[in-house]
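> following is a predicted model, sequence given first.
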Amino acid sequence: MNIQTNQKINEATDYYVDKVTELQTFPAATIRMMQLINNDNTTVDELEIAISVDPVMVSRLLRLVNSVALKGREEIKTIKESIVRVGLNNLRELVTADLYREVIKETDTGVLEDKDFSFKLLWNHSLTVAILSKIIAKLLYNSNGEREFMTGILHDIGLLIIIVTAPVTMTKVIEEWSKDKDKNDFLEIEMKHLNTNHCLIGAKLCSQWNLPSEAKYAIKNHHSTLLKTDVQRTLQLANYIADRKRFSAILQGKAKLNSMIKRLVKGNADKLRGLDGVLRKEMNKVKDLYDL
Ligand SMILES: [Fe+2]
Ligand SMILES: [Fe+2]
């Protein structure tokens with residue numbers, strides 16, 4: 001790829017990210033929350049102030065903290081107590097999932113609904129990939145799965161950004177791709193119409209939110225066949241399983257599995273055996289919390 005092409009791609013990527021900031025698709029309070037939870041030096045007091053201004057977040061936090069999984073002997077009533085009980089890891093998941101859900105709920109571009117895409121599909125896909133990522137990270141890499149959950153929720157956020165900022169162009173992309181879903185390459189068609197793609201746009205936005213670099217890398221390369229990090233491997237496997245189970249962001253033909261992921265699955269067949277059961281349990285747990 002030459003310098004000129006690279007520059008064109010960078011400019012287009014910036015254009016969509018700037019546009020979504022301009023439209024205030026993500027409320028300022030939520031962006032502030034994202035930046036705070038991804039900063040290791042943030043104090044509980046700072047989090048308390050940021051959460052207090054968002055009543056939806058307050059109610060969900062209190063619901064979570066008083067849920068069966070986290071319930072202690074005494075009922076928790078204040079935001080500060082909740083933050084301490086929930087812990088930063090759970091809070092990160094809650095904030096990220098909330099950001100996505102709220103935007104999807106509020107967004108109605110009036111286009112695309114009768115096509116192979118809906119915001120509900122995108123939300124279900126993102127949450128399924130997030131939950132799967134967490135399970136896979138625990139099973140294969142001994143990780144607590146927290147970073148992987150966040151990466152999973154956000155991996156297709158570029159799609160949301162394109163749909164919000166350029167619904168007509170996105171309709172064209174989906175229409176062209178739908179002509180032969182098994183053969184057409186979605187990223188290539190995005191590049192043709194937008195001079196960029198949802199992976200690059202998503203990664204760029206995540207830079208603005210201080211997301212850890214492994215998360216940004218995995219999001220940027222979530223359709224690449226070159227797998228370099230565990231977070232990226234986890235995300236791609238989760239994305240594949242979600243598609244295979246018909247939890248796709250965009251209704252598609254056969255879910256594609258690249259050879260590196262195939263090897264990963266083969267080599268870890270034992271560890272992955274119980275995955276379906278765990279997924280069902282985890283999905284049930286979050287059903288009420290996130291209005292699935
Ligand atoms: Fe994607
Ligand atoms: Fe995806």
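Right, received. Where do you want to start? Numbering: from 1, shown residues only. Ligands and ions are numbered 1, 2, ... in the order given.

> now do stretch 270-290: distance to the chain's middle.
The chain centre lies 17 Å from the centre of stretch 270-290; the measure is CA atoms, centre = their mean, to the nearest Å.

> mean confidence for that stretch?
Averaging pLDDT along stretch 270-290 gives 82.

> need the contact partners of it.
When contacts are defined by CB atoms under 8 Å, 6 or more residues apart in numbering, stretch 270-290 is touched by residues 60, 63-64, 67, 69, 97, 101, 127-128, 131-132, 134-136, 139-140, 241, 265, 292. Backbone N, C-alpha and C define where each C-beta goes, glycine included.

> flag the shaky bits of the stretch 151-292 of the chain, pLDDT-wise.
When residues are selected by pLDDT under 70, those of the stretch 151-292 of the chain lie in 247-255, 287-292.

> packing partners of the top helix by length along the chain?
Counting residues, the longest helix found in the chain (DSSP state H) is helix 79-106. Secondary structure elements in contact with helix 79-106, counted by 3 or more CB pairs under 8 Å, 6 or more residues apart in numbering; DSSP states H and E, are helix 28-37, helix 44-52, helix 55-65, helix 119-141, helix 146-154, helix 157-165.

> try it again at 7 Å.
Applying 3 or more CB pairs under 7 Å, 6 or more residues apart in numbering; DSSP states H and E, one finds that helix 79-106 contacts helix 28-37, helix 44-52, helix 55-65, helix 119-141, helix 146-154.

> still on that earlier bit, among the contacts of stretch 270-290, the buried ones, what's the PyMOL command?
Under the burial definition 16 or more other CB atoms under 10 Å, those of those that qualify are selected in PyMOL by:
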select buried, resi 60+64+97+101+127+128+131+132+134+135+136+139+140+241
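
> just to revisit the earlier point, distance between the longest helix of the chain and the chain's centre?
Its chain's average C-alpha position is 14 Å from that of helix 79-106, according to CA atoms, centre = their mean.

> what average pLDDT does that helix get?
The pLDDT scores in helix 79-106 average 80.

> do the same with stretch 32-42
On average, stretch 32-42 scores 84.

> list the buried residues of that stretch.
When neighbours are counted by 16+ other CB under 10 Å, the buried residues of stretch 32-42 are found to be M33, M34, L36, I37, N38.

> quick one: contacts for the fourth one?
Contact partners of I37, counting by CB atoms under 7 Å, 6 or more residues apart in numbering, are L91, R92, V95.

> any figure for the gap between it and V103?
Separation of I37 from V103 (CB to CB, to the nearest Å) stands at 17 Å.

> again, but for the second one
As defined by CB to CB, M34 lies at a distance of 12 Å from V103.

> my guess is Q236 contacts I261. True?
Yes: using CB atoms under 7 Å, Q236 and I261 qualify as a contacting pair, with a distance of 5.5 Å.

> higher neighbour count, the two?
Relative neighbour count places Q236 above the other of Q236 and I261, with 26 against 18, counting by other CB atoms under 10 Å.

> mind checking the SS state of the more buried one?
In three-state terms, and counting by DSSP: H, G, I helix; E, B strand; the rest coil, Q236 is helix.

> what sits against it?
H222, L227, I261.

> quick one, what contacts the second one?
Taking CB under 7 Å, 6+ apart as the contact definition, L227 lies against R233, Q236, M260.

> okay, and the first one sits in which element?
Under the assignment given by DSSP states H and E, the secondary-structure element containing R233 is helix 230-244.

> enumerate the residues of the stretch 51-200 of the chain near ligand 2.
Taking CB under 5 Å from the ion, the part of the stretch 51-200 of the chain that reaches ligand 2 is made up of D156.

> list phi and psi for the residue in the stretch 51-200 of the chain that ligand 2 sits nearest to.
Residue nearest to ligand 2 within the stretch 51-200 of the chain: D156 (4.4 Å; CB to the ion). Phi and psi for D156, reported as degrees, to the nearest 10, are phi -100, psi 20.
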